[in-house]
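Engineer: give me a model of this one.
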Amino acid sequence: MKNRFICFLMMIFMGLNAYCKDKIKVVAPDGLPALSLVKMINEKPEIDGVEVDYKIEKLSETLVMTLMKKEADLAIVPSNLAGQLYNKGLGYKIAGTVGWGSFYVISRENLDSLKYLKGKEVTTIGKGLTPDIIFQTLLKKNGLDLKKDIKIEYLSGGNELAPLYLAGKKDIIVIAEPVASKILAKDKKSNADIELNNEWKNIFNTKKGYPQSTLVVSEAVLKENPEFLAKFIENLKDSISFIESDSSKKLDYITKANVTVPKDIIDKAVKKANFDFTTGAEGKSEYMIYFKEIAENNKKAIGGKVPDEKIFQTE
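Structural biologist: Have a look, this model is predicted:
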């Protein structure tokens, strides 16, 4: 009610075109990123007197289209998409990182360094996309010639890759959570000795690694209701702590939020997911390294160029 009254006054003094909403729309991709929101979805229909409408998108194409149409006020997105949205002038800024890299090299061998992949065949997903760029960047930094020293085969997704590996048809794979934990639970001889995020931290001397999922916020919300963003982030941090806890409500909340994850390995997946909310200002250096490396391999993945530092919400 208080928010509606304030909005009414704003419309009187600023005209009918003033930004004023009784409902904030938040979108996130299904899977690991959406887990960060399950407590909020179940318990927080309002924040700061504003109703929040959460939408979990099952298809990445739908998520992208929603943001391209500027139909969301806040969103959790792949970090390269945050760059695209900014470079296209769509009015979104980085409010913070929800999750850092969660890709792992899985094999039945003892591989404690990417250097040991020399002469090997590795199967992964997303040719030319961010996970592939991260992996190839790390291989090159470890001295491997991508044309001579390693063979990389690409499949469409983790749901295709996992069965082939478990059937013994693939020997070394690069896969993200929660599929990584699902594989390790089914095949006790498998190891996930190489975590790409740790490799990234060591090579680029960063504290957190590379940003995998990013919270973006519309400039309209930043301008007209900055208090909402601050309180939303407080609730998001609490929701992340909840999903990392041993609460008896966790599985029920995930089901009710309609988030698709293998519930039998949820604790293991969350433990390896690298949830750690970091504000845009705090993670600026990590993002700029990330954007620079992505741009050197595929500028289109971040919208054609390295974003300038105005991409970050800093207040």
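Engineer: contact partners for residue 150?
Structural biologist: 117, 118, 119, 120, 121, 122, 139, 144 (CB atoms under 8 Å, 6 or more residues apart in numbering). The way it works is simple: take the backbone N, C-alpha and C, and place the C-beta from them, glycine included.
Engineer: the fourth one touches residue 144, doesn't it?
Structural biologist: I take that to be residue 120. No - using CB atoms under 8 Å, residue 120 is not in contact with residue 144; the gap is 9.9 Å.
Engineer: which one's more surrounded, these two?
Structural biologist: Taking other CB atoms under 10 Å, residue 120 and residue 144 do not tie; residue 144 has more neighbours (19 against 16).
Engineer: where's residue 214, which helix or strand?
Structural biologist: Using DSSP states H and E, residue 214 sits within strand 211-218.
Engineer: in its sheet, which strands sit next to that strand, and in what direction?
Structural biologist: strand 74-78 (antiparallel), strand 92-100 (antiparallel) (DSSP bridges).
Engineer: what about those, which gets the closest to residue 199?
Structural biologist: strand 92-100 (12.3 Å; CB to CB).
Engineer: helices along the stretch 1-150 of the chain, start to end?
Structural biologist: 2-14, 32-35, 38-43, 60-68, 79-87, 130-141 (DSSP state H, counting those that start in this stretch).
Engineer: got a markdown table for those, with distance to residue 50, mean neighbour count and mean pLDDT too?
Structural biologist: Below are the helices of the stretch 1-150 of the chain laid out as a markdown table (distance: least, CB to CB, whole Å; neighbours: other CB atoms under 10 Å; pLDDT from 0 to 100):
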| stretch | distance to residue 50 | mean neighbour count | mean pLDDT |
| --- | --- | --- | --- |
| helix 2-14 | 5 | 12 | 45 |
| helix 32-35 | 21 | 27 | 95 |
| helix 38-43 | 13 | 21 | 96 |
| helix 60-68 | 19 | 16 | 96 |
| helix 79-87 | 22 | 24 | 97 |
| helix 130-141 | 32 | 20 | 94 |
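Engineer: between the ones you listed, which one is nearest to residue 184?
Structural biologist: helix 32-35 (15.5 Å).
Engineer: which other helices and strands contact the closest one?
Structural biologist: Judged by 3 or more CB pairs under 8 Å, 6 or more residues apart in numbering; DSSP states H and E, the packing partners of helix 32-35 are strand 92-100.
Engineer: buried ones in the strand it packs on?
Structural biologist: 92, 93, 94, 95, 96, 97, 98, 99, 100 (16 or more other CB atoms under 10 Å).
Engineer: distance between the ends of stretch 46-62?
Structural biologist: One end of stretch 46-62 to the other measures 25 Å (CA to CA, to the nearest Å).
Engineer: can you give the distance of it from its chain's centre?
Structural biologist: 16 Å (CA atoms, centre = their mean, to the nearest Å).
Engineer: then stretch 117-131?
Structural biologist: 20 Å.
Engineer: and that stretch, end to end?
Structural biologist: 17 Å.
Engineer: cool, stretch 175-195 as well?
Structural biologist: Counting by CA to CA: the opening and closing residues of stretch 175-195 are 10 Å apart.
Engineer: next, count neighbours for the closest residue to residue 93 other than its chain neighbours.
Structural biologist: In space, and not counting its chain neighbours, residue 93 is closest to residue 313: 4.4 Å by CB to CB, 6 or more residues apart in numbering. Neighbour count for residue 313, taken as other CB under 10 Å: 21.
Engineer: how about residue 279?
Structural biologist: 16.
Engineer: now it: closest residue in space that isn't a chain neighbour?
Structural biologist: In space, and not counting its chain neighbours, residue 279 is closest to residue 96: 4.5 Å by CB to CB, 6+ apart.
Engineer: pretty sure the one you found contacts residue 284?
Structural biologist: No - using CB under 8 Å, residue 96 is not in contact with residue 284; the gap is 10.7 Å.
Engineer: okay, the spatially most central residue of the chain and residue 313: tell me how far apart.
Structural biologist: The chain has residue 213 as the residue nearest its centroid, 1.7 Å off, counting by CA atoms, centre = their mean. Applying CB to CB, to the nearest Å, the value for residue 213 to residue 313 is 16 Å.
Engineer: nothing else from me, thank you.
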